[in-house]
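Peer 1: what would the 3D arrangement of this be:
(one chain, ligands or ions: 2)
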Amino acid sequence: MNLPNPQDASVRAALATLHPLRGFSPTDRQQELYDALLSAPCRPDDDDSGADRLSLPGSVEDNPRPLPRRPIILSTCPKIGSEEFAMTVMMESNLDLPRHSGKVRDIYDLGDRLLLVATDRVSAFDVVLPNGIPDKGCVLTQMSAFWFDATESVVPNHMIRVIDSTDNPDIPVELGPEYIGRSMLVKKCEPVKLEAIVRGYLAGSGWAEYQRDGTVCGIPLPAGLTESEPLPNPIFTPSTKGEVGEHDENITYEQAVGIVGEDVANTVKVRSMALYTFGLSRAQEAGFFLADTKFEFGTTQNEQGEDEVILIDEALTPDSSRFWDAEIYRPGQSQPSYDKQPLRDWLTGTGWDKEPPGPPLPDDVVENIRSRYRTAYERVTGRDLIVAG
Ligand SMILES: Nc1ncnc2c1ncn2[C@@H]1O[C@H](COP(=O)(O)OP(=O)(O)O)[C@@H](O)[C@H]1O
Ligand SMILES: [Mg+2]
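Peer 2: Residues are numbered from 1 along each chain as shown. Ligands and ions are numbered 1, 2, ... in the order given. Sure, this is the predicted structure:
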């Protein structure tokens, strides 16, 4: 698959209409960052490592072994619910290291680094459900790696490497093959207490607020927009980062400044907008509209000992973003997205009160979500998914 070349005139023209720095005065440095992001090379086309290998910065030359690969042909997959199938789902990792768990990731502390293991857990309405989704952890990790790789020259991120072998001398415990492709070694940061959400289309809670107040997260928008329509420009709509069990709350940019200070808020905003715009153009080339997305940032020190704000967690995955299929996109209604939407719809249909525990998911819902995650990954990155173990 050909990935878009941001140097290409048509891609640049499309991006120019969505200039993230329009609407407030960029500093020279911000403008420089944004321009650099637009002209960042498309790494996956730059090397000839082939689709069988995870091509990550540094790792291709350093580690030329092809990854164990299990191409999944759906028709030959073991039946969902069978013992064999269940073995391909990781609900919880199990390493002998200090750990804490988010809804989806198990996080192991290695001092100045973290090992993030994306399990196959799925959450909806902030509740983790009893079944996992096969391949989901690998999709999240490898899709994030793809974006971290593509944007690192402009927006620094936490990624050190994706675990692509069982041979990891710098990790104090043995990682079995089930950790390959789903685990990422990252730089440990102090998370910035904001969810950095960027919206380019009117959907979800944004659409609900717009119908009520004509605004999205307090930002006034032109009258007469319909559901799922593109906004005149992408908007930055931060929210608080709730503690476990708490829901995130939408806040204005000024409130975000109140929480993290002007410098951090501005950096988070500019970087989020640039990343969203970049993601939008790449996703569009793969036939998706990236309706909205959420980033997280963390503070750390760079090699010169200066504080900096870098991208952490995950990036532009179906867990953190709404991807809409451009072919069936119809403004004026809600869109089926390549994410958990069918899960939310099914859960809503069961009448579940959204309090834990959630109901067990039927096989067809599990398979539907799995195939959506995989399709989003394969179309956007043009890479095969590496699933080992
Ligand atoms: N580089 C990093 N440094 C510190 N914390 C991180 C880093 N990357 C991700 N995190 C944190 O790890 C957690 C990831 O686990 P996840 O299951 O996604 O959690 P959540 O339930 O909060 O979405 C998040 O709380 C995120 O803030
Ligand atoms: Mg998360």
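Peer 1: what helix or strand does residue 356 sit in?
Peer 2: Using DSSP states H and E, no element contains residue 356; it sits outside every helix and strand.
Peer 1: contacts only, for it.
Peer 2: With contact set as C-beta atoms under 8 Å, 6 or more residues apart in numbering, residue 356 has these partners: 127-128. For the C-beta atoms, the positions are set from N, CA and C on the backbone; glycine is no exception.
Peer 1: ok, now how distant is it from residue 349?
Peer 2: Remark: distance between residue 356 and residue 349 (C-beta to C-beta, to the nearest Å) = 19 Å.
Peer 1: same question for residue 278.
Peer 2: Computed as C-beta to C-beta, the residue 278 to residue 349 distance reads 36 Å.
Peer 1: so for the two, which sits in the more crowded spot?
Peer 2: Neighbour comparison, residue 278 and residue 349: the larger count goes to residue 278, with 25 against 8 (by other C-beta atoms under 10 Å).
Peer 1: quick check, pLDDT for the more buried one.
Peer 2: In the prediction, the pLDDT value recorded for residue 278 is 90.
Peer 1: the one 10 residues further on too?
Peer 2: For residue 288, the pLDDT comes out at 94.
Peer 1: for the residue nearest to it when sequence neighbours are not counted, phi and psi?
Peer 2: Residue nearest to residue 288 in three dimensions, not counting chain neighbours: residue 323, with 4.5 Å by C-beta to C-beta, 6 or more residues apart in numbering. For residue 323, the backbone dihedrals are phi -100, psi 130 (criterion: degrees, to the nearest 10).
Peer 1: repeat for residue 331
Peer 2: phi -60, psi 160.
Peer 1: that one reaches residue 228, doesn't it?
Peer 2: Yes. Under the criterion of C-beta atoms under 8 Å, residue 331 is in contact with residue 228, at a separation of 4.9 Å.
Peer 1: who's more crowded, the two?
Peer 2: Comparing residue 331 with residue 228 by neighbour count (other C-beta under 10 Å), the higher total belongs to residue 228, at 21 against 13.
Peer 1: doesn't that one belong to a helix?
Peer 2: No. The assignment for residue 228 (DSSP: H, G, I helix; E, B strand; the rest coil) gives coil, which keeps it out of a helix.
Peer 1: residue 161 is in contact with residue 184, isn't it?
Peer 2: Yes. The criterion here is C-beta under 8 Å, and residue 161 meets it with residue 184 at 7.3 Å.
Peer 1: comparing the two, which shows the higher neighbour count?
Peer 2: Neighbour count, other C-beta under 10 Å: between residue 161 and residue 184, residue 184 has more, with 25 against 19.
Peer 1: let me see the contact set for the more buried one.
Peer 2: Under the criterion of C-beta under 8 Å, 6+ apart, the contact list for residue 184 reads 115-116, 118, 141, 144-145, 159-163.
Peer 1: if we go to 10 Å?
Peer 2: Residue 184 makes contact with 56, 105, 114-118, 140-142, 144-145, 148, 158-163, 314 under the criterion C-beta atoms under 10 Å, 6 or more residues apart in numbering.
Peer 1: kindly report the same for residue 158.
Peer 2: 113-114, 116, 144, 148, 184-189, 296-298, 300, 310-313.
Peer 1: in stretch 362-380, which residues are buried?
Peer 2: Buried residues in stretch 362-380, defined by neighbour count with 16 or more other C-beta atoms under 10 Å: 365-370, 372-380.
Peer 1: the one residue in the stretch 1-150 of the chain that gets nearest to ligand 1: how many residues sit nearby?
Peer 2: Of the residues in the stretch 1-150 of the chain, the one nearest ligand 1 is residue 102, at a distance of 2.1 Å by C-beta to the nearest ligand atom. By the measure other C-beta under 10 Å, the count of residues near residue 102 is 15.
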